[in-house]
Each structure stands twice: as C-alpha cells, then as structure tokens.
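Undergrad: show me how the following folds:
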Amino acid sequence: MIVNGIIFAYGILSNSQDQIISHYGFIPDYLFHYNHPLSDTITRLFSSMFIHANIAHIAFNLFALAYLGGFAERSVGRPRFLLIYLSSGIAGALLHSIVASFILGNGSSVLIGASGAISGVMGITAALGDIRGYYWLAIQIAYAFIGSFASLSIAFIAHVGGFIAGLLLTKLLIEIERKKKKGYWSYSE
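TA: Next up, the predicted model:
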C-alpha cells in the first residue's frame, strides 16, 4: 500500500504522472509483436503494478487491498504474501496481454495498476476458505464479459488472471507445507 501511495503521490505532486505512465506502464504488444528491448518490457511488466491513473483508481485498489490484505498476509506470512502478490500481478498482466494482443486487438494500450496483484490477494483468501474471494472473482468475470462489449478501459482479464494465480500459488504452498509436516512426522516416528 505504501509503495503504491508514494509512487502515485510523487506523480501527482511533481506533475509527472503522464510521463510515469508512458515510461513505466506495460504495453502488451511490446511482448508479442514488436522488436522492443526485453529488459524494458520486463521492467514495465513489474513497474506497471505500482502505477495508478487517478485518485479513484488508487483508492479502489488500496481499499480492496486493505479489505482482505491483512488477513491474507497474516495467514501465509509476509514473504509468501509478497511472492504471491508480485507473481499474481505478473500473471494477471500476462493473461491480459494475451487476450488484448491476440483476441481483442488492443495490445497497444498501456496497462497500469495493482489490480492483478490485489486479485492474487483475493485468491489467497479464497484458497484459505473465505468465500468473499470467490464472490469477488464472479463479479470480475461478469465485468470482463460486459467490458469486452462495452469497451471499458479496465483490464478485468488481469483481475481474473491475478486471482487464479493467487489461488493456485496459495494452494501449492499449502500442499508443500502439508507434505513437509507429514514428511517430518513420518520421519521422526
């Protein structure tokens, strides 16, 4: 929350928000269709998770993160939470990129925001049995469907991809922990 807030405040206060978006926002077509430097594409893939367009964009994302983020972080621990958060943001951006570039044909549009990463946090909560995470996913899928016809500039597919990544990574981590504990007890018996 702090990093997102600092970057947004800096962009607004320094009047450089548009430059930040154009230099650090992720452009899906750079990954698939252009001879764009891979290092810049990877940097943009990561940095785009911390950039927001306006106060409503950042407010909604930070509210969603505050809503279930504390529960998710306490449940899986800070290192795993950060791993899932970042991995979900990247996974969400990649799924969005595939759909935008190959299906919708709008892969030249800039992708910014923490929504994919925050969706991964919702995936954590769902994997841990909190039904609110699944409700949230159902709403995002409905919005993605509606948005594809209404030309909304919200990357709902990134939300869905982030959620799925967070859900699957959390389930994988739970299974790894379960096997470690089982192996430990079996070994010590």
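Undergrad: now the lowest-mean-pLDDT helix or strand in the chain - C-alpha only, PDB.
TA: When each helix and strand of the chain is scored by mean pLDDT, DSSP states H and E, helix 132-150 comes last, with a mean of 75. Output in PDB follows, covering the C-alpha atoms of helix 132-150 (Å, rounded to 0.1, in the frame of the first residue of the first chain):
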ATOM      1  CA  ARG A 132     -15.700 -13.400  -0.300                       C
ATOM      2  CA  GLY A 133     -12.800 -14.100  -2.600                       C
ATOM      3  CA  TYR A 134     -14.900 -16.300  -4.900                       C
ATOM      4  CA  TYR A 135     -17.700 -13.700  -4.900                       C
ATOM      5  CA  TRP A 136     -15.200 -11.100  -6.000                       C
ATOM      6  CA  LEU A 137     -14.000 -13.400  -8.800                       C
ATOM      7  CA  ALA A 138     -17.600 -13.900 -10.100                       C
ATOM      8  CA  ILE A 139     -18.000 -10.200 -10.200                       C
ATOM      9  CA  GLN A 140     -14.800  -9.700 -12.100                       C
ATOM     10  CA  ILE A 141     -15.700 -12.400 -14.700                       C
ATOM     11  CA  ALA A 142     -19.100 -10.700 -15.200                       C
ATOM     12  CA  TYR A 143     -17.400  -7.300 -15.600                       C
ATOM     13  CA  ALA A 144     -14.800  -8.800 -18.000                       C
ATOM     14  CA  PHE A 145     -17.600 -10.200 -20.200                       C
ATOM     15  CA  ILE A 146     -19.600  -6.900 -20.100                       C
ATOM     16  CA  GLY A 147     -16.400  -4.800 -20.500                       C
ATOM     17  CA  SER A 148     -15.400  -6.700 -23.700                       C
ATOM     18  CA  PHE A 149     -18.600  -5.500 -25.400                       C
ATOM     19  CA  ALA A 150     -18.800  -2.000 -23.700                       C
END
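Undergrad: what's the end-to-end length of stretch 142-162?
TA: Using C-alpha to C-alpha, to the nearest Å, one end of stretch 142-162 lies 16 Å from the other.
Undergrad: same thing with stretch 100-119?
TA: 19 Å.
Undergrad: can you check stretch 49-62 too?
TA: 12 Å.
Undergrad: returning to what we had before: off-centre distance for the least confident helix or strand of the chain?
TA: Its chain's C-alpha centre and that of helix 132-150 lie 15 Å apart, by C-alpha atoms, centre = their mean, to the nearest Å.
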